[in-house]
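J.: coords below, sequence missing:
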């Protein structure tokens, strides 16, 4: 922990600028749930094309995680984040001026690459500047900034796009990315890393050979990836195609989802310290939150209460339960591994998110569109059902490895 700055200095020069980056990261992640009808109308895309366009963000995000962890541990969060936010801004500009699905897909992948470090760099800088006991709360505050970004990506974004168009909206987002990069360059202290040189391959081997990692990674990846896939795109399409809501009503429901997401992030940040007094571990809380996610997902899969906000509230409050896995895993490894541990788990989560978001679109596109250009409800039930089964399998794996670990 670094004690060069007082609490307020740390907040304004370290925590706030980095949380601003994560705010934009989550906003970018959620934009296509709102602008999908515009993209379908302008480019005549089907579900599979829309899925791969949107998931290109998650793919670029995922594949950069291991290099990101190495860069964070070697150069520090400040330098890495300054450069990456410039790429995010450039990607947003490319998206703004894109004239084909291919161009938009490449641009969105560049955005995903650019914001790939927003969460992990914030986690990294928190582990260096703050006491370990405060990590869950600070991680929760960081996630809350992402929740605000998700909220802005609903009704506010809908109004902005309605007034100035989706291209102008992405131009504004590009300017905000450049602004965050400049702010970090100017106000964030340079020397936040005090780690010793280490053998990178040895560190990665130690992480990936850890039974603790593999007990957590599948469940965190599939459950978190499911939440990413649905919240980032298919929630909006489900509401329009299955619940038969208008664009305005669907956007209102997305707002409820993302407000619930923010509430869940805040709860996730504060509840571990409260329950720690009763000897309830972060992993037990993570499992409980995952079961809530599974319940919300099951309501969507089986079309129970299709026009009710209840499934979306359950999905929202539980979508970021995997953050507890990040926090817990970091306490099981040396502080010098912090960047690589977080990004190793992040790779699992976002790679699953990319695959699942694409697979949902691919499955849905196996059905012909209805005359009103929507997809039949059964296509969503099948695709969501497969994700539901995968989560059940991962929960079984989690308990199986846990029992084996306890017996040893």
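T.: Structure received. Just so it is clear, the structure is predicted and the values come from calculations on it, not from any experiment.
J.: check which helix or strand covers the closest residue to residue 28 other than its chain neighbours.
T.: Residue nearest to residue 28 in three dimensions, not counting chain neighbours: residue 111, with 5.4 Å by C-beta to C-beta, 6 or more residues apart in numbering. For every residue, glycine as well, the C-beta is placed using N, CA and C. Assigned by DSSP states H and E, residue 111 falls within helix 101-114.
J.: just checking, what packs against that helix?
T.: Contacts defined by 3 or more C-beta pairs under 8 Å, 6 or more residues apart in numbering; DSSP states H and E place helix 101-114 against helix 32-43, helix 47-63, helix 77-97.
J.: which of those sits closest to residue 225?
T.: helix 47-63 (8.3 Å; C-beta to C-beta).
J.: what's the first helix or strand after that closest one?
T.: Toward the C-terminus from helix 47-63 - assigned by DSSP H and E - lies helix 65-75.
J.: may I see the buried residues of that following helix?
T.: Within helix 65-75, the residues that qualify as buried are 65-66, 68-73, counting by 16 or more other C-beta atoms under 10 Å.
J.: any chance of a markdown table for the residues you listed, columns distance to residue 235 and pLDDT?
T.: A markdown table is the format used below for these (distance: C-beta to C-beta, whole Å; pLDDT from 0 to 100):
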| residue | distance to residue 235 | pLDDT |
| --- | --- | --- |
| 65 | 24 | 89 |
| 66 | 29 | 85 |
| 68 | 27 | 90 |
| 69 | 30 | 83 |
| 70 | 34 | 84 |
| 71 | 33 | 89 |
| 72 | 31 | 86 |
| 73 | 35 | 79 |
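J.: possible to save these as a markdown table with distance to residue 201?
T.: Below are these laid out as a markdown table (distance: C-beta to C-beta, whole Å):
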| residue | distance to residue 201 |
| --- | --- |
| 65 | 16 |
| 66 | 11 |
| 68 | 16 |
| 69 | 13 |
| 70 | 10 |
| 71 | 15 |
| 72 | 17 |
| 73 | 13 |
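J.: picking that back up, highest mean neighbour count out of the helices and strands packed on helix 101-114?
T.: Sort those by mean neighbour count, taking mean count of other C-beta atoms under 10 Å, and helix 47-63 sits at the top with a mean of 25.
J.: specify the angle between whichever helix in the chain runs longest and helix 47-63 in degrees.
T.: Longest helix in the chain, counting residues (DSSP state H): helix 377-407. Orientation check (axes from the mean of the first three to the mean of the last three C-alpha atoms, to 10 degrees): helix 377-407 against helix 47-63 gives 30 degrees.
J.: please tell me how far the spatially closest residue to residue 378 that is not a sequence neighbour sits from residue 303.
T.: Counting by C-beta to C-beta, 6+ apart, residue 367 is the residue found nearest to residue 378 once chain neighbours are left out, at 7.0 Å. From residue 367 across to residue 303, the span is 15 Å (C-beta to C-beta, to the nearest Å).
J.: got it, and residue 398?
T.: 28 Å.
J.: who's more crowded, the two?
T.: Just comparing residue 398 and residue 303: by other C-beta atoms under 10 Å the higher neighbour count belongs to residue 398, 21 against 16.
J.: give me the nearest residue to the more buried one, chain neighbours excluded.
T.: residue 219 (4.7 Å).
J.: how far away is that neighbour from residue 287?
T.: The value you get for residue 219 to residue 287, if C-beta to C-beta is used, is 8 Å.
J.: joint contacts of these two?
T.: 395, 398 (C-beta atoms under 8 Å, 6 or more residues apart in numbering).
J.: compare neighbour counts for those two and give me the winner.
T.: The neighbour count for residue 219 versus residue 287, taken as other C-beta under 10 Å, is higher for residue 219 (26 against 19).
J.: for the more buried one, give me its contacts.
T.: Here residue 219 is in contact with 287, 290, 391, 394-395, 397-398 (criterion: C-beta under 8 Å, 6+ apart).
J.: what does residue 314 give?
T.: Neighbours of residue 314 in contact, by C-beta under 8 Å, 6+ apart: 260, 292-293, 295-296, 299.
J.: among these, which ones are buried?
T.: 260, 292-293, 296, 299.
J.: now the residues you listed in TSV, with distance to residue 336?
T.: Formatted as TSV, the buried ones among the contacts of residue 314 follow (distance: C-beta to C-beta, whole Å):
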residue	distance to residue 336
260	37
292	35
293	32
296	38
299	43
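J.: looking at those, which is nearest residue 26?
T.: Of these, the one sitting nearest to residue 26 (C-beta to C-beta) turns out to be residue 260, at 14.0 Å.
J.: secondary structure element for that closest one, which one?
T.: helix 247-275.
J.: relative orientation of that helix and helix 32-43 in degrees?
T.: 150 degrees.
J.: what stretches of the stretch 151-300 of the chain score poorly on pLDDT?
T.: Filtered on pLDDT under 70, the stretch 151-300 of the chain yields the residue ranges 191-198.
J.: what about the helices in it?
T.: Counting by DSSP state H, counting those that start in this stretch, the stretch 151-300 of the chain has helices at residues 155-164, 166-187, 200-208, 211-229, 235-241, 247-275, 282-301.
J.: to residue 315, which of those helices lies closest?
T.: Here helix 282-301 is closest among those (C-beta to C-beta), at 3.9 Å.
J.: what's the angle from the closest one to helix 211-229?
T.: Interaxial angle, helix 282-301 versus helix 211-229 (the same axes, to 10 degrees): 30 degrees.
J.: figure out how far helix 282-301 is from the centre of its chain.
T.: Relative to the centre of its chain, helix 282-301 is centred 16 Å away, using C-alpha atoms, centre = their mean, to the nearest Å.
J.: which helices and strands sit right next to it?
T.: helix 211-229, helix 247-275, helix 310-318, helix 323-330, helix 377-407.
J.: flag every buried residue along it.
T.: Buried residues in helix 282-301 (16+ other C-beta under 10 Å): 282-283, 285-287, 289-290, 292-294, 296-301.
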